[in-house]
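**Student:** Let me see the structure of the following:
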Amino acid sequence: MRFLTRGALAVLLALGGGGGPGSAVALMAGAATVPLDLPRGTPLAGYGAFPRRALIPGLLFAGGPAFWFTPATGVRDGLRVRAVVLEDRGERLLWLALEVVGIDPALVSSLGERLARRGEPRPRTIVLSASHTHSGPGGFAQSELFGLIAMDRPSHEVRERLLDAMEDAAVRAEAGKEPALMGTGSVTVRGQNPSRIGAAVDEELAVVKLVGAGGRPIAVLWNFAIHGTALGKRNLELSGDLMGDASARIEASLGAPALFVNGAVADASPAARGPEGVAALGATLANAVVGAWPGIRAGPAGRLDIARRRVDLPRPRLSLRSCLGPWVPAGLAVGLDAALPGDIEMLAVAVGSRLAAVTIPGELQMALGIETKISAWRRFSTVVVAGLSNGYIGYLMGARDQARSDYMGCATLYGDGVGHVVQRAAAALLREVGAGKEATGRASRPSAGPGAAAVSGTAVARPARAPRPSSRASSRGPTSSAPRCCGG
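**Tutor:** Numbers count the residues shown, from 1 in each chain. Below you'll find the predicted structure:
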């Protein structure tokens, strides 16, 4: 296989079986990593308190992007935009992983319009996933509410720079497209993402492996639930936090774009803090992915299926009791109908019976993420809950936990058990793309390999059905999967 050409690989895929219905057609895949260059004075997004918040909004930063918040003082590690394109029988999916705190849903249509203007094939489906770093850029979202809370007011310059990088990554991924084989697997990474409310913990780290001719890596997509808050509110430099550190390590090892997709992250806190925590957690997670890679068997992927639906939400409101304390009478709230949508779009993506992913436009509670995975285990070897994808509507908690008088309760902006509403919709979408499918052999569950027990955490092989209750170089230029990625 080492010396197969792309054409020869395509022939073998066309003749190959074992991928389920549709496996006779080769999956095409391409990927790219590009740097995100931001204007001077870009605000940091993620923390709404001092010292991030400006004492006097706009007074000291006139003319720059920052208004409600202080601008970044520099770059701790270079931010990246990563993209992967999947195509099968005319169905095309473009998935981008952004090192930002959340996703403005308008970015999806803006990117599609940009690609159409330059004559690029317009994907039928675009997924944008935020890493949820709390040290990424603000100013790119067209939301006055979230701008005031933690992202700063909209800045045309910041938004255009982000869209420039997204477009560049998408174009490079499309240009590098080739016949691909896919494999999936997962490992359990213990003790790295405890629940801050003492609830069930999802310790599963899922890995999606895409390779081309001779087994050359095209891309890896990895999914794990964890907050990007190892760097605290006193950090004033742009950073991808622990996930950015891990992705950079993975790219340096595998030589292919490493797309991080967060999970059901609402209550998932990082187990270590500060710059040392970034490095320690980044090394642990990267070792888990890199260690799993050799043991994941790649083969014909099967058919690419995509389903979507609109989901009606309860009326949004800000609970004063949750925000101010239990002394406030229950039921007192500020309506947010003018600032937040009354419904959302959710997507499910399936590749044969190997992989299913469902988008969540916010921060779903880990326990509900586990329920979502369990709902689809019979149909798919690996299930990815893609949190913070294609939108952001706040925390999505279960009915028992939404009434908390703390930040999480305050940021649950849709009452009446909105987490359950979203979880049921996710399960229904997974049933739709999984109709008639049955997981064969389950995903390979390799051990995380040598070195995965860095810090206090370990990454170990796990049974098929149980998710359990170095500084980054900033000088690397754009890369793609066409020959090799990420500076070697």
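**Student:** Counting neighbours, which bits of stretch 428-438 end up buried?
**Tutor:** 428-430, 433-434, 437 (16 or more other CB atoms under 10 Å). For the C-beta atoms, the positions are set from N, CA and C on the backbone; glycine is no exception.
**Student:** Sort out for me which of the residues you listed are in helices.
**Tutor:** Secondary structure assignment (DSSP state H) places 428-430, 433 from the buried residues of stretch 428-438 within helices.
**Student:** By mean pLDDT, flag the weakest helix or strand of the chain.
**Tutor:** In the chain, the helix or strand scored least confidently by mean pLDDT, DSSP states H and E is strand 458-460, which has a mean of 34.
**Student:** Pretty sure Ala173 sits against Val81.
**Tutor:** No. Assessed by CB atoms under 8 Å, Ala173 is found out of contact with Val81, at 10.5 Å.
**Student:** And Pro463, what's its pLDDT?
**Tutor:** If you check Pro463, the pLDDT there is 30.
**Student:** pLDDT of stretch 268-284, averaged?
**Tutor:** For stretch 268-284, mean pLDDT is 98.
**Student:** same check, this time on stretch 245-261
**Tutor:** In this model, stretch 245-261 carries a mean pLDDT of 98.
**Student:** How about stretch 44-57?
**Tutor:** The model assigns stretch 44-57 a mean pLDDT of 92.
**Student:** can you tell me which residues contact Gly183?
**Tutor:** Contact analysis of Gly183 by CB atoms under 8 Å, 6 or more residues apart in numbering lists 208-209, 211, 296-299, 354, 443-444.
**Student:** Which secondary structure state does Ala230 sit in?
**Tutor:** Under DSSP: H, G, I helix; E, B strand; the rest coil, the three-state class of Ala230 is coil.
**Student:** Neighbours of it, how many?
**Tutor:** By other CB atoms under 10 Å, the residues close to Ala230 number 29.
**Student:** hmm, back to that, Pro105: which of the ones in helices among the buried residues of stretch 428-438 is nearest?
**Tutor:** Comparing these against Pro105 with CB to CB places Leu429 closest, at 17.2 Å.
**Student:** With adjacent residues omitted, what lies nearest to that closest one?
**Tutor:** In space, Leu429 comes closest to Ala348 once its chain neighbours are excluded; the distance is 3.6 Å by CB to CB, 6 or more residues apart in numbering.
**Student:** Over to Ser353?
**Tutor:** Lys437 is the one closest to Ser353 (CB to CB, 6+ apart), at 4.4 Å.
**Student:** repeat for Val220
**Tutor:** Ala258 (5.2 Å).
**Student:** List the backbone torsions phi and psi for Leu181.
**Tutor:** phi -110, psi 150 (degrees, to the nearest 10).
**Student:** Need the pLDDT of the nearest residue to it once chain neighbours are set aside.
**Tutor:** Nearest residue to Leu181 in three dimensions, chain neighbours excluded: Ala298, at 3.9 Å (CB to CB, 6+ apart). On the pLDDT scale, Ala298 is placed at 96.
**Student:** Compute the distance between Ala298 and Leu94, please.
**Tutor:** Distance, Ala298 to Leu94, by CB to CB, to the nearest Å: 21 Å.
**Student:** Same check on Arg76?
**Tutor:** Arg76 sits 29 Å away from Leu94, taking CB to CB as the criterion.
**Student:** quick one: which of these two has more around it?
**Tutor:** Using other CB under 10 Å as the criterion, Arg76 and Leu94 rank with Leu94 on top: 28 against 22.
**Student:** got a list of what the closest residue to Leu111 other than its chain neighbours touches?
**Tutor:** Excluding its sequence neighbours, the residue lying closest to Leu111 (CB to CB, 6+ apart) is Met166, at 5.3 Å. If you count contacts by CB under 8 Å, 6+ apart, Met166 has them with 81, 83, 96, 98, 107, 111, 128.
**Student:** My understanding was that Gly282 contacts Ser239; is that so?
**Tutor:** No. Taking contacts as CB under 8 Å, Gly282 lies outside contact range of Ser239: 11.0 Å.
**Student:** residue ranges with poor pLDDT in the protein?
**Tutor:** 1-25, 59-63, 400-404, 416, 441-488 (pLDDT under 70).
**Student:** redo that, cut-off 80
**Tutor:** Residue ranges of the chain with pLDDT under 80: 1-25, 58-63, 121-123, 399-405, 407, 416, 440-488.
**Student:** Pick out the residue closest to the middle of it.
**Tutor:** For the chain, the residue nearest the mean C-alpha position is Val261 (2.4 Å; CA atoms, centre = their mean).
**Student:** helix or strand for it, which one?
**Tutor:** Using DSSP states H and E, Val261 sits in strand 258-262.
**Student:** chain center to that strand: distance?
**Tutor:** 5 Å (CA atoms, centre = their mean, to the nearest Å).
**Student:** Which strands or helices does it pack on?
**Tutor:** Using 3 or more CB pairs under 8 Å, 6 or more residues apart in numbering; DSSP states H and E, the elements in contact with strand 258-262 are strand 80-88, strand 91-98, strand 125-130, strand 217-224, helix 241-254, strand 382-386.
**Student:** So which of the ones you listed is the most surrounded?
**Tutor:** strand 382-386 (a mean of 29; mean count of other CB atoms under 10 Å).
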